[in-house]
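Student: coords please:
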Amino acid sequence: MTPHRLTRDEARRIVVRAQLLDANRPGDVVEVAEQLAYIKIDPTATIAPCEQTVLWSRIGWSYEPGQLAKAVELDRLLFEYDGAFRPMSLLPLMLPAMRRWPQRESSRQWLDANSRFRADVLARLRAEGPLQARDIPDTAQVSRPPDGWSGSNQVPHMLEFLMRQGEVAVASREGRQRRWDLAERVYPQDMPAYGEDEAADLLRARRLQAAGIAKQGDRWWNAVGTAGEPAVVEGSSWRFRVDPDALAALHADKDGGGRVAFLNPYDSLLFDRPRLEEVFEFAYVLEQFKPKPQRRYGFFAHPILMGDRFVGMLDAEVDRENDVLQVNAMHEFLPWEPEEADMVRAEIAELAEWLGVGVVGMR
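Tutor: This next block holds a predicted model:
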């Protein structure tokens with residue numbers, strides 16, 4: 001079919017709407033997860049952990065952290081997998097690939113060499129689960145070397161491998177620690193079944209739904225393939241795929257409306273850096289791992305989205321000892337108009353209220 005022709009403004013609005021960052025806020029945690037397909041988990045909490053700021057930036061003042069735990073641990077409408085919370089509707093689409101895991105020969109060899117260890121872990125969970133990794137004995141016959149993220153204990157490795165195969169699942173969290181159980185006691189048992197090809201096609205469509213518009217055939221996180229419909233964007237040589245529903249919504253609401261949003265550095269909108277630069281003309285660099293003298297905006301500065309454009313960076317951190325949100329700097333890419341500065345200040349005030357602290361340092 002003939003590609004849709006979009007301006008950069010239209011492409012940006014499609015992305016912002018797909019990421020639930022337009023003026024029409026979603027109503028709850030499950031709605032956010034269903035649309036975004038995943039909510040990244042990360043403990044870095046200069047303001048709040050990633051999973052919490054992602055939800056607050058979408059839902060706003062009515063979001064409470066306990067709502068996420070309830071959706072995951074009680075209602076079982078979300079599940080944790082590979083460092084993210086995902087909607088349970090996605091699990092049937094992931095299972096065919098999970099059953100084929102691992103593809104890497106070294107991982108298969110490690111599992112084969114530790115067949116008795118694998119059986120021990122599953123038996124312990126069946127008898128006593130849910131359990132934290134530290135509650136399960138390490139009976140590995142063959143060890144994986146420390147990788148800088150984990151120590152010599154092989155139990156976390158085995159649990160991660162079994163999770164990827166769909167044998168075990170994260171049942172709940174105690175602080176930042178995961179509690180594991182057999183997948184059959186965590187996941188619903190009445191899920192639809194899909195063949196590998198159908199599941200892969202449906203997954204690509206869900207990724208495009210979350211992206212709104214993405215580069216065709218990209219091997220980046222979107223991996224939308226030929227889902228959706230072809231599109232070209234003014235001033236770009238890329239071949240895009242666009243979600244038909246997102247396109248219809250754009251045409252139905254020319255104005256759309258926007259707002260200010262502070263995005264956690266691990267927010268899904270920021271993950272596809274090439275698209276971010278191509279569509280938003282925003283070259284984002286996370287400075288968390290840079291030496292302090294090389295940082296321009298701050299250790300964990302949050303990009304500021306205003307409508308469909310990135311206008312600056314917020315360098316702020318919560319000081320729990322004094323119960324304040326310390327604003328170190330508000331960096332402006334271009335000088336803000338007075339009303340734009342007022343919008344940013346108002347959003348900072350709402351953020352502090354949600355955190356239950358005061359604000360200092362805001363100019």
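
Student: Confidence-wise, which helix or strand of this structure is lowest on average?
Tutor: Among the secondary structure pieces of the chain, namely its helices and strands, helix 244-252 has the lowest mean (mean pLDDT, DSSP states H and E), a mean of 90.

Student: what sits up against that helix?
Tutor: 4, 10, 13-14, 17-18, 209, 212-213, 228-229, 231, 256 (CB atoms under 8 Å, 6 or more residues apart in numbering). C-betas here are computed from N, CA, C, even on glycine.

Student: quick one: the strands in the stretch 251-363 of the chain?
Tutor: Taking DSSP state E, counting those that start in this stretch as the criterion, the stretch 251-363 of the chain carries its strands at 260-262, 302-306, 309-319, 324-332, 358-360.

Student: of these, which approaches residue 341 most closely?
Tutor: Between residue 341 and the strands of the stretch 251-363 of the chain, the shortest separation by CB to CB is 8.2 Å, and it involves strand 324-332.

Student: in its sheet, what does the closest one sit against?
Tutor: Paired with strand 324-332 in the same sheet, following DSSP bridges, are strand 309-319 (antiparallel), strand 358-360 (parallel).

Student: on that earlier part again, tabulate the strands of the stretch 251-363 of the chain (a markdown table), appending mean neighbour count and mean pLDDT.
Tutor: A markdown table is the format used below for the strands of the stretch 251-363 of the chain (neighbours: other CB atoms under 10 Å; pLDDT from 0 to 100):
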| stretch | mean neighbour count | mean pLDDT |
| --- | --- | --- |
| strand 260-262 | 22 | 98 |
| strand 302-306 | 23 | 98 |
| strand 309-319 | 20 | 97 |
| strand 324-332 | 17 | 96 |
| strand 358-360 | 15 | 95 |
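
Student: can you put these in JSON lines and add distance to residue 193?
Tutor: Supplementary listing: those in JSON lines, determined by distance: least, CB to CB, whole Å:
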{"stretch": "strand 260-262", "distance to residue 193": "38"}
{"stretch": "strand 302-306", "distance to residue 193": "40"}
{"stretch": "strand 309-319", "distance to residue 193": "42"}
{"stretch": "strand 324-332", "distance to residue 193": "48"}
{"stretch": "strand 358-360", "distance to residue 193": "52"}
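
Student: of all the ones you listed, which lies closest to residue 150?
Tutor: The stretch from the strands of the stretch 251-363 of the chain with the least distance to residue 150 (CB to CB) is strand 309-319; that distance is 27.8 Å.

Student: contacts for that closest one?
Tutor: With contacts defined as CB under 8 Å, 6+ apart, strand 309-319 is touched by 12, 45-48, 262, 280, 282, 284, 297-305, 324-334, 336, 340, 344, 348, 355, 357, 361.

Student: could you check the angle strand 302-306 makes with it?
Tutor: Here strand 309-319 runs at an angle of 140 degrees relative to strand 302-306 (axes from the mean of the first three to the mean of the last three CA atoms, to 10 degrees).

Student: got the CA coordinates for strand 309-319 in PDB?
Tutor: Backbone C-alpha positions of strand 309-319 (Å, rounded to 0.1, in the frame of the first residue of the first chain) are rendered in PDB as follows:
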ATOM      1  CA  ARG A 309       8.900  18.300  22.400                       C
ATOM      2  CA  PHE A 310      11.700  17.900  24.900                       C
ATOM      3  CA  VAL A 311      12.400  21.300  26.400                       C
ATOM      4  CA  GLY A 312      14.900  20.700  29.200                       C
ATOM      5  CA  MET A 313      16.200  18.500  32.000                       C
ATOM      6  CA  LEU A 314      15.200  18.300  35.600                       C
ATOM      7  CA  ASP A 315      18.000  17.600  38.100                       C
ATOM      8  CA  ALA A 316      16.300  16.900  41.400                       C
ATOM      9  CA  GLU A 317      16.500  14.400  44.300                       C
ATOM     10  CA  VAL A 318      14.500  13.500  47.300                       C
ATOM     11  CA  ASP A 319      16.100  14.300  50.700                       C
END
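
Student: what helix or strand is the closest residue to residue 182 other than its chain neighbours on?
Tutor: Nearest residue to residue 182 in three dimensions, chain neighbours excluded: residue 125, at 5.4 Å (CB to CB, 6 or more residues apart in numbering). Residue 125 belongs to helix 115-128 when assigned by DSSP states H and E.

Student: if we can go back for a sec, for the contacts of helix 244-252, which entry has the maximal number of neighbours?
Tutor: Neighbours here mean other CB atoms under 10 Å. Within the contacts of helix 244-252, the largest count is held by residue 213, at 29 neighbours.

Student: Near the closest residue in space to that residue that isn't next to it in sequence, how many other residues are there?
Tutor: Closest residue to residue 213 apart from its sequence neighbours, by CB to CB, 6+ apart: residue 242 at 4.6 Å. Using other CB under 10 Å, residue 242 has 29 other residues around it.

Student: Just read off the phi/psi values of residue 242.
Tutor: With angles defined as degrees, to the nearest 10, residue 242 shows backbone torsions of phi -120, psi 140.

Student: need the contact list for it.
Tutor: With CB under 8 Å, 6+ apart, residue 242 has these contacts: 4, 6, 14, 208, 212-213, 228-231.

Student: got it, and residue 352?
Tutor: Contact analysis of residue 352 by CB under 8 Å, 6+ apart lists 324-325, 358-359.

Student: and what of residue 21?
Tutor: The neighbours of residue 21, taking CB under 8 Å, 6+ apart as the test, are 57-58, 259, 261, 269, 305.

Student: now residue 278
Tutor: By CB under 8 Å, 6+ apart, the contact list for residue 278 reads 215, 233, 236, 238.

Student: quick one: which of these has the most company?
Tutor: In the contacts of residue 278, the most neighbours by other CB under 10 Å go to residue 233, 24 neighbours.
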